[in-house]
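J.: With the sequence up front, the predicted model follows.
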Amino acid sequence: MLLIKSLQGERIERFPLWLMRQAGRYMPQYRALREQERDFLAFCKNVELAVRASLLPVELLGVDAVIIFSDILVPLEPAGIGVEFSEGEGPRLQWDGKVESLKRINFSQVEFVGEIIRGVKTQVKDIPVIGFCGAPFTLMAYAIEGGSSKDFKKTKLFMWQRREECRRFVSLLVDNLLEYLKGQIRAGADVVQIFDSWAMHMPYEDFEEYAQTYLKALFQELKSFSGVPLIYFFRGSGSFLKALEGLPVDALSVDWTVDMVGAMRESSKAFQGNLDPAVLYCHEDTIVKKTHELLRCIPRKTKYVFNLGHGLMPDMDLEKVRLLVRTVKEFRLS
Ligand code: CP3
């Protein structure tokens with residue numbers, strides 16, 4: 001499996017790739033599947049539809065990995081947090097504000113995720129299946145804000161004024177995410193990615209405590225549980241790389257604000273990223289040029305996975321995404 005080989009530093013002939021939010025609304029075929037189940041969470045729980053959505057990027061793009069179709073908010077529901085998606089509005093979460101009311105989860109409550117992984121694995125050969133979860137900070141921020149936010153004001157006040165409760169909340173999420181990811185690994189996930197989409201809202205000193213205490217606990221326990229490679233995606237700050245260097249995660253997935261190429265020279269970790277997804281709004285020749293510019297700069301011939309710095313957007317053009325995939329796959333490492 002090319003992607004695993006690259007993560008582990010083995011020799012490869014070309015860089016592997018997959019794309020964050022590769023199964024999504026920019027694909028007419030995905031929109032057609034969604035017509036069969038309009039409620040997004042119900043779609044995530046419908047094993048047959050979720051398996052079909054997971055496989056679309058392999059069928060239509062030819063990417064080198066399948067990320068299972070689900071959402072980072074799925075394991076919050078059994079923890080006692082209400083999760084709802086209303087069309088076009090993004091997620092809405094309901095939490096009573098009391099850390100004591102949050103519950104430990106058991107994988108049997110989200111067994112559909114295991115079934116999706118097993119279902120995908122029966123359909124693909126030689127392509128790894130990526131399991132995933134949201135990182136503790138990002139999930140806590142969703143719960144506290146009640147959805148997406150521009151300034152993360154409530155989360156910051158909670159972090160700084162209710163520190164002990166915040167620590168208990170993050171700790172409980174670490175326990176729940178361990179249960180959740182171990183279940184995914186048992187079901188057959190070949191790689192696991194942890195999405196910290198809101199990490200950039202943390203000041204450096206808070207991030208340091210978070211990484212050294214909570215991310216460390218999460219990654220270490222997963223590493224002692226299995227040899228499955230772990231990828232940590234965070235948005236926003238190159239300075240966070242310092243706090244992550246010693247943690248047992250195989251790869252760092254970074255966005256376009258990070259000097260990934262410079263960071264790769266100083267780190268022994270694998271890297272994933274970091275083309276700005278907005279490049280896909282450009283003309284074809286610009287897409288090819290920007291992709292080549294990035295690939296030519298990669299200072300090694302392995303331990304790299306091509307990806308975007310963040311997810312594909314619903315208004316992107318499938319043909320341009322296909323061109324991007326072809327461009328990366330045709331780029332030879334000599
Ligand atoms: O193809 C894949 O990447 C796999 C599936 C996947 C989805 N969400 C499907 C989805 C994955 C890995 C995610 C992760 C996720 N979900 C993240 C982390 C990555 C990131 O983008 O930062 C976050 C922050 C979420 C929370 C979330 N879910 C948001 C903010 C939204 C968008 C709301 C909207 O309507 O624009 C979602 C919904 C969602 N998750 C969609 C998809 C395809 C779109 C909803 C739809 O199809 O109707």
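T.: It's in.
J.: make it CA atoms for all contacts and neighbour counts henceforth
T.: Noted.
J.: Pick out the residue in the chain sitting closest to the ligand.
T.: Relative to the ligand, the nearest point of the chain is Arg21 (2.9 Å; C-alpha to the nearest ligand atom).
J.: okay, that residue: pLDDT?
T.: On the pLDDT scale, Arg21 is placed at 97.
J.: Report how many residues lie close to it.
T.: As a burial measure, Arg21 scores 17 neighbours (other C-alpha atoms under 10 Å).
J.: what helix or strand is Phe207 on?
T.: helix 204-209 (DSSP states H and E).
J.: How about the secondary structure of the residue most central in space within the chain?
T.: Taking C-alpha atoms, centre = their mean as the criterion, Phe195 is the residue nearest the geometric centre of the chain, at 4.0 Å. What DSSP: H, G, I helix; E, B strand; the rest coil gives for Phe195 is strand.
J.: Distance-wise, check it relative to Glu48.
T.: Distance of Phe195 to Glu48, computed by C-alpha to C-alpha, to the nearest Å: 25 Å.
J.: cool, Lys125 as well?
T.: Taking C-alpha to C-alpha, one finds Lys125 at 19 Å from Glu48.
J.: Those two: which is more packed in?
T.: Glu48 (15 against 10).
J.: Could you pull up phi and psi at that one?
T.: Dihedral angles of Glu48 (phi, psi; degrees, to the nearest 10) stand at phi -60, psi -50.
J.: cool, and Arg92?
T.: Residue torsions, per degrees, to the nearest 10, at Arg92 are phi -120, psi 130.
J.: For it, the count of nearby residues, please.
T.: Arg92: 16 neighbours (other C-alpha under 10 Å).
J.: give me every residue that touches it.
T.: 82-86, 146-147 (C-alpha atoms under 8 Å, 6 or more residues apart in numbering).
J.: Using JSON lines, lay out the residues you listed together with secondary structure and pLDDT.
T.: JSON lines is the format used below for the contacts of Arg92 (DSSP: H, G, I helix; E, B strand; the rest coil; pLDDT from 0 to 100):
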{"residue": "Gly82", "secondary structure": "strand", "pLDDT": "98"}
{"residue": "Val83", "secondary structure": "strand", "pLDDT": "98"}
{"residue": "Glu84", "secondary structure": "strand", "pLDDT": "96"}
{"residue": "Phe85", "secondary structure": "strand", "pLDDT": "94"}
{"residue": "Ser86", "secondary structure": "strand", "pLDDT": "86"}
{"residue": "Gly146", "secondary structure": "coil", "pLDDT": "97"}
{"residue": "Gly147", "secondary structure": "strand", "pLDDT": "96"}
